[in-house]
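> coords please:
(one chain, ligands or ions: 1)
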Amino acid sequence: MKRRSFFSKTATGLFGLGITSNSWANTADKKPFKVCATIDQNKVSFYSEVINESIKVVHIADTHLFKDDERGIPYQKYSSRMAKAYNETRHFQTGEKTNPEEAFEQALAFAKKEKADVIALIGDIFSFPSEAAIEWVQSKLKATGIPYIYVSGNHDWHYEGMEGTLETLRDTWIGKRLLPLYQGKNPLMASHDIKGVRFLTIDNSTYQISKEQLQFFRKQVATGIPLVLLVHIPMYAPGKGVYFGCGNPNWGAATDGGFNIEKRPKWPESGHTETTLNFHKEVFEAPNLLGIFTGHIHKNSIEVIKGKPQIVADDNASGGYLDIDFLPMNEKDLKLIN
Ligand SMILES: [Fe+2]
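Numbers count the residues shown, from 1 in each chain. Just a heads-up that it's a prediction; the model follows:
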């Protein structure tokens, strides 16, 4: 299958300006913000009347860095499979040989050249929580001078075969290794305001959403501020497989083909919690949510659910990243959609 996806213009309802928190106390009767989104290979343009200034985001997911040093030796029995998984890759566009470090540096160089407002790191930047790899990423990010956002994927905190539930392993290895990347923000749910748009990071790397995360999301919707959701695992869309695994009605023990290989607890017999399914529903009903950016699948795709675009990035291990511009609409374009 060709790796490129194409997306023509989409438009949903428009909500005017002059938003205040109070006016958004009840979102049920609010009209959704109108969004026009276009994709040209990895270049994404998001237009909306509620965007006042252009914002450039370089979105990176699934680098799968495996760099390690002597500090990782005691953990090799948990890291060995993933340490070999992406040592040499093929660039998704050119077919040339590449590797995760080279691909990550190229994405950062692009962000620097284009003077990006922010670099969004949306999970599986690491194949396991290697101290050497985490330090390398921190130093490379610092050298760009560009602010960055980080949220974890299912591999960043996972040492395969280590005892524990997904939730406790995530807590442990975020606390021990990944924490500096969050720069003081809550690792499981955080907001990042950039030029009038609020980027939400919600960690769904266990495939599930907690009650606290759902409450956090509801509060963000109630502000009426234009939102963009950043999650590692894509939100389920009709026709998509089980790895589109957040809110997927088919997700659960019966469809878990990876637990033996990844040496982790099997997904639950009962599938998603009600909270996770409610989160899925509420994401696509949120009138002020402009769109969703994600990763995990290692293959670019676009899903539109109830007028809201979700864009999945190609894996950075193979050179992929998204060049996203959030843009105000000019007068002529506004006339087209109003
Ligand atoms: Fe992943």
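
> how about the residues of this protein near the ion?
Residues of the chain found near the ion (Cβ under 5 Å from the ion) are Asp124, Gly153, Asn154, His296. Any C-beta I mention is one placed from the backbone N, CA and C, and that applies to glycine too.

> redo that, cut-off 8 Å
Applying Cβ under 8 Å from the ion, we find that the chain lies next to the ion at Ala61, Asp62, Gly123, Asp124, Gly153, Asn154, His155, Ser205, His232, Ile233, Gly295, His296.

> can the residues you listed go into a markdown table with extra columns for pLDDT, secondary structure and neighbour count?
Shown next, in a markdown table, are the residues of the chain next to the ion (pLDDT from 0 to 100; DSSP: H, G, I helix; E, B strand; the rest coil; neighbours: other Cβ atoms under 10 Å):
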| residue | pLDDT | secondary structure | neighbour count |
| --- | --- | --- | --- |
| Ala61 | 98 | coil | 30 |
| Asp62 | 98 | coil | 29 |
| Gly123 | 98 | coil | 28 |
| Asp124 | 98 | coil | 29 |
| Gly153 | 98 | coil | 27 |
| Asn154 | 97 | coil | 23 |
| His155 | 97 | coil | 23 |
| Ser205 | 98 | coil | 25 |
| His232 | 98 | coil | 27 |
| Ile233 | 98 | coil | 28 |
| Gly295 | 98 | coil | 32 |
| His296 | 97 | coil | 27 |
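
> And what about Lys240, helix, strand or coil?
coil (DSSP: H, G, I helix; E, B strand; the rest coil).

> dump the residue contacts of it.
Residues in contact with Lys240, defined by Cβ atoms under 8 Å, 6 or more residues apart in numbering, are Pro234, Asn248, Glu303.

> ok, the second one - how many residues close by?
If you count neighbours by other Cβ atoms under 10 Å, Asn248 ends up with 24.

> element containing it?
According to DSSP states H and E, Asn248 maps onto no helix or strand at all.

> was I right about it contacting His272?
Yes: Asn248 lies in contact with His272 (Cβ atoms under 8 Å); the separation is 7.2 Å.

> how about the helices in the stretch 201-338 of the chain?
Ranges of helices within the stretch 201-338 of the chain are 211-223, 259-262, 274-285, 331-337, based on DSSP state H, counting those that start in this stretch.

> closest one to Asp171 among these?
helix 211-223 (12.9 Å; Cβ to Cβ).
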